[in-house]
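K.L.:
build the 3D model from these lines:
(one chain, ligands or ions: 2)
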Amino acid sequence: MESSGGSETSLSRRGCDNAPTRKDRRVGLIYDERMCGHYATEDGDHPECPDRIRAIWKSLESCGFAKRCVVLDAKNAEDNHIALVHSRNHINLIKNTISKSTQSGRRRIASSYNSIYFSKGSSEAAYLAAGSVIEVAEKVAEGQLDSSFAIVRPPGHHAEVDEPMGFCLYNNVAIAASFLLNERKDLGINKILIVDWDVHHGNGTQKMFYSDPRVLFFSVHRHDFGTFYPTGDNGSYIMIGEGPGVGYNINVPWENGRCGDVDYLAVWDHILIPIAKEFNPDIILISAGFDAAIRDPLGGCRVTPYGYSIMLEKLMPFARGKIVMALEGGYNLDSIANSVQACVGVLLGDSPIAGSPQSYPFESTWRVIHQVRQELRAHWPIIASKLPNKVFSKPSPQMDASERGFVGPHSAAAESVARTRIRPGPPPLAPVLLAPSEATAVLHQIPSSDSDGEPENGTATILDVVQTLEDIIKPFSSLKVDEDSQELQKVYIWYAAFGSNMSMARFLCYIEGGQTEGMKRPCVGSMDRSKPVEIMWKTYPHRLFFGRDYTSTWGPGGVAFLHPESNSNEKAYLCLYKITLEQFNDVLLQENGSSHHSSHPTFDMTALDRIKSETSISVETPKRGWYHNVVYLGLEKDIPVLTMTCSLSDIESFKSGTLPIKPPCKEYGNTLIKGLAEGKHLSEEEASAYIEEAYTKPL
Ligand code: X5A
Ligand code: ZN
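P.N.:
Numbering: from 1, shown residues only. Ligands and ions are numbered 1, 2, ... in the order given. Sure thing, here's the model as predicted:
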């Protein structure tokens, strides 16, 4: 692609192709091809690949940004600087062991770590990545540069004191922070804010500064209740630091994927920015992963280049603009190239790229923001005020059924507009997303009823104002993040359960998250956490049976399947839940062992149309579990009845004995009986006889 701006992937931006009228800020850039010498030798498709930084560099060159920046040479980090955060043992591993080993030796060593590969050039790349971040951080701290972006790999934020992890060898950002604080005291950098917006938790960085109040570490990441990489509790919001560092570690753990611009901006407005004001950093280091970007294959989130540019723009007023960005993750080449381009434009001082935040923050976003603020309120009084739980009443018809909850989100859009339209003067760069209580302050003159900002008597007044804003809001609400899911959540189906999901409590785990007795691990739940709107029991002339020998939910034992080839001698009891097609997709994903919510539905409207004539459809799920065969069981009150079971070829294998027929384990069996008894068509005795027959009678 040429630098003339004809590139399809380059962003529309004033000043991208033409020189801006005002003088560029001095922005440092580092890129070095030698960092491509680190690559996965066994796995040509490894997401953390050399082309990542090549794609970024190419896009910065072709849009003309590279020319407008100060391009610096990459530098090797010195061992004594690395040793500020890593053990000598770890340095020895990266410096000597992996360079001196044979390829098979490297493979063996790498396999003893979590998500790590090594190649011949890994050591050199790791030294250049760490050294380059030090280099730009030093130049920015000295004032030779206003800000900078280090396009480095391998990434760093998962690297622990004594071990590489999660594609990371040296913790580049932590090393640079420690370097400024300990080796360049003369530069007067006493307080550092590290913003880690990589979609994964920055476990390594957190640990390195956990008791250090000079470093405020802020990480926003998918946590999915501890099931998302790097898994466990370290990324939880309760991890706020220790000793003198209490209050200086802030985690914002998403409960689910699909978070996008508005979710991140809500967190910026309600947590990060107020606290950054209070902390008043001398410099900001950004662990800039772009795996929360839309279309990233690992992240499952939806941040756009516009979103990243606003997140960055909102940090520019701090530390007199001294911002050092270092690449972490990000695995869709186009997404990372466009996102970095958007950020470098902001650093250069260009006017913002076109875009607008879409839709409203998720209900879960407000929940998480609330939890984080509660946890940190004692340390940061600025966020001590309570975010009210329910301020406005139910959304109006055109607003309802939004996949994004009505608690807060509805009002958030209103407030955005309120600020943009009601306030005098030019509209702000980006809508400031306000909590409902803070909205009342913006729409001042409207009395708020109590100190918690939870209006009772004042509700009508606020609602009136919101109502009058409806017309202005409409253009906002019609901007859809994901056309598909907007459609899916308006379409109802009956999900017919024949296994443990016949027990309402068990099934609700797929909707609301959590686990019931006997389950080995919790579910993430659906994006739409509303309960089934109707429940009905029915029998079908199909055969229930139990096969295979293990489930991740229940452990060892058989799993319930339905043999859907109609046989009038058979009778299966099914519990029908009326849920949305979107919820059905979320159930389908969880049944097939995925903790992800994919942004593209597996079973969409087209599939729903098709299944009526084809009877069953095998769907693609990320992990392809045992329940990927969606079966159509007819209509009930004009609504399609769907269930999910194994493939017909699996059924053949069960018949021939290639796959085992097995009874369910005790906990699973109990839940099944409980579910059937809830339906009131069977007594507990009849239910257990029905279950027993299902694994004793031959198929
Ligand atoms: C830096 C980064 C992700 C590791 C995922 C391992 N690491 N499954 O994004
Ligand atoms: Zn990541």
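K.L.:
low-scoring pLDDT stretches of this structure, where are they?
P.N.:
With pLDDT under 70 as the threshold, the chain has low-confidence stretches at 1-22, 356-359, 387-486, 595-601, 622-624.
K.L.:
in it, which residue sits closest to ligand 2?
P.N.:
Of all residues in the chain, Gly329 sits closest to ligand 2, at 2.8 Å by Cβ to the ion. Heads up, the C-betas are built off the backbone N, CA and C, glycines and all.
K.L.:
quick check, that residue in a helix?
P.N.:
No. Under DSSP: H, G, I helix; E, B strand; the rest coil, Gly329 sits outside any helix and is assigned coil.
K.L.:
may I have the phi/psi pair for it?
P.N.:
Comment: the main-chain dihedrals of Gly329 come out as phi -90, psi -160, following degrees, to the nearest 10.
K.L.:
check contacts around the nearest residue in space to Ser287 that is not next to it in sequence.
P.N.:
If the residues on either side of it in the chain are set aside, Ser287 comes closest to Asp196, at 3.8 Å by Cβ to Cβ, 6 or more residues apart in numbering. Applying Cβ atoms under 8 Å, 6 or more residues apart in numbering, one finds that Asp196 lies in contact with 157, 173, 202, 205, 217-221, 286-287, 289, 328.
K.L.:
try 7 Å this time
P.N.:
With Cβ atoms under 7 Å, 6 or more residues apart in numbering as the criterion, the residues that contact Asp196 are 157, 202, 205, 218-219, 287.
K.L.:
picking up where we left off before, count the residues that sit near the residue of the chain closest to ligand 2.
P.N.:
29 (other Cβ atoms under 10 Å).
K.L.:
now swap in Leu699 and tell me
P.N.:
Using other Cβ under 10 Å, Leu699 has 14 neighbouring residues.
K.L.:
name the helix or strand for the nearest residue in space to it that is not next to it in sequence, please.
P.N.:
Nearest non-adjacent residue to Leu699, counting by Cβ to Cβ, 6+ apart: Lys655, 5.0 Å away. Under DSSP states H and E, the secondary-structure element containing Lys655 is helix 648-656.
K.L.:
what count of nearby residues applies to the closest residue to Lys67 other than its chain neighbours?
P.N.:
Setting aside the residues directly before and after it, Lys67 is nearest to Glu61 in space (Cβ to Cβ, 6+ apart), at 7.8 Å. Residues lying near Glu61 (other Cβ under 10 Å) number 16.
K.L.:
how far off centre is the helix or strand hosting Glu61?
P.N.:
Here Glu61, judged by DSSP H and E, is contained in helix 51-62. When C-alpha coordinates are averaged (Cα atoms, centre = their mean, to the nearest Å), helix 51-62 and its chain have centres 25 Å apart.
K.L.:
over to Ser147: give its phi and psi.
P.N.:
Dihedral angles for Ser147 - degrees, to the nearest 10 - are phi -160, psi 180.
K.L.:
so how far is Ile284 from it?
P.N.:
According to Cβ to Cβ, to the nearest Å, Ser147 and Ile284 sit 9 Å apart.
K.L.:
for the two, work out which one has more neighbours and name it.
P.N.:
Taking other Cβ under 10 Å, Ser147 and Ile284 do not tie; Ser147 has more neighbours (30 against 24).
K.L.:
give the bridge partners for the more buried one, please.
P.N.:
Taking DSSP bridges, one finds Val27, Ile323 as the beta-bridge partners of Ser147.
K.L.:
looking at it, it is touching Ala137, isn't it?
P.N.:
No. Assessed by Cβ atoms under 7 Å, Ser147 is found out of contact with Ala137, at 10.6 Å.
K.L.:
hmm, back to that, list residues touching both of Ser147 and Ile284?
P.N.:
Common neighbours of Ser147 and Ile284, counting by Cβ under 7 Å, 6+ apart, are 322-323.
K.L.:
for the stretch 1-150 of the chain, give the residue positioned nearest to ligand 1.
P.N.:
Ser115 (3.9 Å; Cβ to the nearest ligand atom).
K.L.:
I'd like to check which residues are in contact with the closest residue to that residue other than its chain neighbours.
P.N.:
Leaving aside its chain neighbours, Ser115 sits nearest to Gly166 (4.9 Å; criterion: Cβ to Cβ, 6+ apart). Residues near Gly166 by Cβ under 7 Å, 6+ apart: 114-115, 158, 200, 229-230.
K.L.:
returning to what we had before: what about the helix holding Glu61 and ligand 1, touching?
P.N.:
No. Looking at helix 51-62 against ligand 1 by Cβ under 6 Å from any ligand atom, there are no contacts, and the closest approach is 10.5 Å.
K.L.:
so which bits of the next helix-or-strand element following that helix are buried?
P.N.:
Downstream of helix 51-62, the first helix or strand assigned by DSSP H and E is helix 65-68. When burial is assessed from 16 or more other Cβ atoms under 10 Å, helix 65-68 yields the following buried residues: 65-66, 68.
K.L.:
one more: stretch 110-117?
P.N.:
Under the neighbour-count criterion of 16+ other Cβ under 10 Å, stretch 110-117 has 110, 113, 116-117 buried.
K.L.:
out of those residues, the closest to His46 would be?
P.N.:
Comparing those against His46 with Cβ to Cβ places Tyr117 closest, at 6.7 Å.
K.L.:
which residue packs closest to the closest one, ignoring adjacent ones?
P.N.:
Ranked by Cβ to Cβ, 6+ apart and with sequence neighbours excluded, the top spatial neighbour of Tyr117 is Ala40, at 4.4 Å.
K.L.:
same check, this time on Gln489
P.N.:
If you skip the residues right next to it in sequence, Gln489 has Glu582 as its closest partner in space, 4.2 Å away by Cβ to Cβ, 6+ apart.
K.L.:
who does the regular element (helix or strand) spanning Arg610 touch, helix- and strand-wise?
P.N.:
Arg610 belongs to helix 605-614 when assigned by DSSP H and E. Taking 3 or more Cβ pairs under 7 Å, 6 or more residues apart in numbering; DSSP states H and E as the contact definition, the neighbouring helices and strands of helix 605-614 are strand 616-618, strand 629-636.
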